[in-house]
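Next one to model:
(one chain, ligands or ions: 2)
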Amino acid sequence: MNHKSGFVNIIGLPNVGKSSIMNALLGDKMVIVTNKPQTTRHRIFGIMNAPDYQVVFSDTPGIIQQTNYKMQKAMNDAAFSTFEDADIILVVIDLSNPKFALEELATKLQKQGVPKLLILNKCDGKSEQEIETIKQALLPVCEWQAVLETSATEKIGIEKLKSTILELLPIGPAYYPKDQLSDKPERFFVAELIRENILKLYHQEIPYSTEVAVTSFKEKEKDGKPIIHIYAIIFCMRRSQKGILLGKGGQSIKQLGIDSRKSIEDYLKNQVFLELHVKIKEKWRDNDNLLKSFGYLH
Ligand SMILES: Nc1nc2c(ncn2[C@@H]2O[C@H](COP(=O)(O)OP(=O)(O)OP(=O)(O)O)[C@@H](O)[C@H]2O)c(=O)[nH]1
Ligand SMILES: [Mg+2]
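Ligands and ions are numbered 1, 2, ... in the order given. Below you'll find the model as predicted:
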């Protein structure tokens, strides 16, 4: 049996549906998805295993056209770094907002010898005519191995995408144990779920000014049943932001706690006790030491 394996890296502008596509390919929610751009901040492996193949998908941050602080630069670096180890590149376009407009990305794609797939996502509700016009405009960007229409939310074109990837995947060994699903630990996904709820609950600059760190994760027992105690800190940059995060009489943080606990319980399939604290760290988005501790710099 010829075992196949490889790195399939998903790139594109913010909010085009990269994370949704990875979740759809994996058949489960692994990475967080919201309607706000710049939801994903790190490169995250999602590993798809079968007896005869292992596909290591990389979800990446959306490429930001104008970076304003070091964290955003690190996010772009994470996205562009995926060119180095790709066996297949998926370039995702949002058909409802079909921008490409990235010289740097086009140049990098043209230089890549590996198969590149153009994914026209959010095809739900789009006419064939509209899709064709956008497709024709994007065909000259580089040599595409295939052009596929998908809807990650409606699960259209996902099976076709999966079979195209499996066809193109090179022969090779498994890079990770076959029961491993990601490169990131549970704690990371717990922090992400809290961040997802922050993105859903708060507006304007609040989600972009906050970072979540899970500082304690302990399995305990309550009434003879397992319960996981999680302690997380939400960092923000200013006192005024802390006020918004807490809300009047602590109402907002209470809601965040309720929503996040539910998400985490669904993910861990276990009862959870969650404690959230808010701390101010001025300009953390430009602080090398803090960015290191949050995993943006190595
Ligand atoms: N209608 C429609 N919406 C979609 C589709 N795929 C994703 N979305 C929505 O688009 C928004 C962004 O999806 P994400 O998967 O977070 O996009 P992303 O490219 O990972 O975004 P960043 O991490 O911010 O770069 C969410 O509200 C999704 O529900 C799709 O096929 N059709
Ligand atoms: Mg994402």
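
For burial, what's the neighbour tally of the residue in the stretch 51-200 of the chain that ligand 1 sits nearest to?
Relative to ligand 1, the nearest point of the stretch 51-200 of the chain is G62 (2.7 Å; Cβ to the nearest ligand atom). C-beta here means a position set from N, CA and C on the backbone, and glycine is covered the same way. For G62, the count of nearby residues is 23 (other Cβ atoms under 10 Å).

what sits against it?
Neighbouring residues of G62 by Cβ atoms under 8 Å, 6 or more residues apart in numbering: G12, L13, P14, N15, V16, K18, P37, Q38, T40, A79.

now the nearest residue to I44 once chain neighbours are set aside: how far from ligand 2?
Counting by Cβ to Cβ, 6 or more residues apart in numbering, I44 lies nearest to D59, which is 4.7 Å off, once chain neighbours are set aside. Using Cβ to the ion, to the nearest Å, D59 is found at 6 Å from ligand 2.

what's the neighbour count on D59?
27.

for Q65, same thing?
With other Cβ under 10 Å as criterion, Q65 counts 13.

Is it within a helix or a strand, and which one?
Using DSSP states H and E, Q65 falls within no helix or strand.

Quick check: closest non-adjacent residue to it.
Q65 sits nearest to L102 (Cβ to Cβ, 6+ apart), 6.9 Å away.

Take the contacts of G62 and keep only those in strands.
If you go by DSSP state E, the contacts of G62 have G12 in strands.

From the contacts of G62, list the ones also adjacent to ligand 1.
Here is what survives when the contacts of G62 are matched to ligand 1 using Cβ under 6 Å from any ligand atom: G12, P14, N15, V16, K18, P37, Q38, T40.

Now the residue nearest to the fifth one when sequence neighbours are not counted. Its backbone dihedrals?
I take that to be K18. Distances taken as Cβ to Cβ, 6+ apart place I10 nearest to K18, at 4.7 Å, with adjacent residues excluded. Note on I10: its backbone torsions stand at phi -100, psi 120 [degrees, to the nearest 10].
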